[in-house]
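**Student:** Need a 3D model of the sequence below.
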Amino acid sequence: MPALSPVPASVPDYAALAARIRVLARDLGFQRCGISDIELGADEAYLREWLAQGLYGSMDWMARHGDKRARPDELIPGTLRVISVGLDYGQDDEAAWTTLADGERAYVARYALGRDYHKLMRQRLQKLADRIADEIGPFGHRVFVDSAPVLERALARNAGLGWIGKHTCLIDKDGGSWFFLGEVYVDLPLPVDAPASAHCGTCTRCIEICPTRAITAPHRLDARRCIAYLTIEHEGAIDEELRPLIGNRIFGCDDCQLVCPWNKFAKRTDEPDFRARNDLDRVSLVELFAWSETEFLQRTEGSAIRRSGYERWLRNIAVALGNAPTTSGVIEALQSRRDIDNAVVREHVEWALAQHAARETSAIAVDLAE
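**Tutor:** You can find the predicted model right below:
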């Protein structure tokens, strides 16, 4: 009979370690922390169906990674558990509504007003992993913040951080949905938390408010119609039928979260890194449209807005200017870009100018009729 492997000198008390991890996460500024196993079978089936229907638009990377999204142990061999954390970024919802109602101002999704959260969260998550190592010694782990094919919302739900709402965002009944997610994949057999239960009930406000009707059914998002996708991920021209529906949203969209009743419980934060830069919470479209590429790169350094790139930035603002009230300043701003060396931007500028011309013609017709 072969000899048994020696018992390690000290086996961690995993229940105590899990409790300690939550304390460490709080100390690092995360408002939420939970632990889940790696079973995501139902979510994998849903993802396959969503991909099969082509609802991901041009985000080919979502299909390219296949089932690894739902199989943490295939993405990182040896993974047994996932530590999920949440970091609040919610600020003033009333200010958001005010900007949306002012067609001359630019609306930027609340998460992108300040510093790019990816680097901030990744640094804090690595510190969390380092402090766990200080407690138990080296262990296998990998930190993620939108940096790999991870079903972060499903994992966070299973870790008890919240449920996936009908708009597909994660909702915490004690804190709303204004929070970022990050994960640490670990090879530790930690005890897991109970999954969060859903509390949307019969509410469909998020579905009804969506400007482009991108939420086609509860928990079903057609990215091809989503303003966040169109203004950030989508390259090339935006469908003409969708342009008027975008309004003044130039980078992302928050309508489905702004209208969610659970966000009355959202925790407001004054995290310095998330404070608005460049007056992006109140700046005019005309001012932003005047930025040169050099200025764009300087002002968006360390910002998630860099993801769109300068040409898409101008394209988005051109659409918003086409939807803005007709003023001499708006018309002059659009005319200043008519000869820009980018066909896509030029197309959207001409569309915007045509929108204003049509409105002026209509107004004249009404005056004559009276």
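
**Student:** measure L100 to P149 for me?
**Tutor:** Going from L100 to P149 by Cβ to Cβ, to the nearest Å gives 33 Å. All C-beta spots, glycine's among them, are computed from the backbone N, C-alpha and C.

**Student:** which stretches of the stretch 151-300 of the chain form helices?
**Tutor:** For the stretch 151-300 of the chain, applying DSSP state H, counting those that start in this stretch gives helices covering 152-158, 205-209, 227-228, 243-246, 255-258, 285-289, 293-299.

**Student:** just the stretch 1-150 of the chain next, same as before
**Tutor:** Assigned by DSSP H, counting those that start in this stretch, the stretch 1-150 of the chain shows helices spanning 14-27, 41-52, 60-64, 72-75, 93-101, 117-136.

**Student:** hang on, the earlier thing: looking at the helices of the stretch 151-300 of the chain, spot the one closest to E183.
**Tutor:** helix 152-158 (6.1 Å; Cβ to Cβ).

**Student:** who touches that closest one?
**Tutor:** 34, 36-37, 39-40, 43, 70, 72, 82, 84, 86, 144, 146, 162-164, 168-170, 181-183, 192-193, 195-196 (Cβ atoms under 8 Å, 6 or more residues apart in numbering).

**Student:** quick one, which of the helices of the stretch 151-300 of the chain is nearest to R115?
**Tutor:** With Cβ to Cβ as the measure, helix 293-299 is the member of those nearest R115 (12.6 Å).

**Student:** Return the list of helices and strands in contact with the closest one.
**Tutor:** Under the contact definition 3 or more Cβ pairs under 8 Å, 6 or more residues apart in numbering; DSSP states H and E, helix 293-299 sits against helix 309-323.

**Student:** Dump the helix it packs on to PDB, restricted to CA.
**Tutor:** C-alpha atoms of helix 309-323 as PDB (Å, rounded to 0.1, in the frame of the first residue of the first chain):
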ATOM      1  CA  GLY A 309     -11.200  57.100 -30.500                       C
ATOM      2  CA  TYR A 310     -11.200  60.600 -32.000                       C
ATOM      3  CA  GLU A 311     -13.200  59.800 -35.200                       C
ATOM      4  CA  ARG A 312     -16.000  58.000 -33.300                       C
ATOM      5  CA  TRP A 313     -16.000  60.900 -30.800                       C
ATOM      6  CA  LEU A 314     -16.600  63.400 -33.600                       C
ATOM      7  CA  ARG A 315     -19.200  61.100 -35.300                       C
ATOM      8  CA  ASN A 316     -21.100  60.800 -32.000                       C
ATOM      9  CA  ILE A 317     -21.100  64.600 -31.400                       C
ATOM     10  CA  ALA A 318     -22.200  65.300 -35.000                       C
ATOM     11  CA  VAL A 319     -25.300  63.100 -34.400                       C
ATOM     12  CA  ALA A 320     -26.000  64.900 -31.100                       C
ATOM     13  CA  LEU A 321     -25.600  68.300 -32.800                       C
ATOM     14  CA  GLY A 322     -28.100  67.100 -35.500                       C
ATOM     15  CA  ASN A 323     -30.500  66.400 -32.700                       C
END
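
**Student:** Check which element follows that helix along the chain.
**Tutor:** helix 328-335 (DSSP states H and E).

**Student:** So which elements touch the following helix or strand past that next one?
**Tutor:** Using DSSP H and E, the helix or strand that directly follows helix 328-335 along the chain is helix 343-369. Contacts defined by 3+ Cβ pairs under 8 Å, 6+ apart place helix 343-369 against helix 243-246, helix 309-323, helix 328-335.

**Student:** Make TSV from those and add mean neighbour count to it.
**Tutor:** As requested, the helices and strands packed on helix 343-369 are exported to TSV (neighbours: other Cβ atoms under 10 Å):
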stretch	mean neighbour count
helix 243-246	18
helix 309-323	24
helix 328-335	16
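
**Student:** between those helices, which one is nearest to Y111?
**Tutor:** helix 309-323 (16.2 Å).

**Student:** Now do that closest one, average pLDDT.
**Tutor:** Mean pLDDT, helix 309-323: 98.

**Student:** Does anything pack onto it? Which helices or strands?
**Tutor:** helix 243-246, strand 249-251, helix 285-289, helix 293-299, helix 328-335, helix 343-369.

**Student:** which of those sits most buried?
**Tutor:** strand 249-251 (a mean of 27; mean count of other Cβ atoms under 10 Å).

**Student:** Any regions of the stretch 201-350 of the chain where pLDDT drops low?
**Tutor:** The stretch 201-350 of the chain contains no residues with pLDDT under 70.
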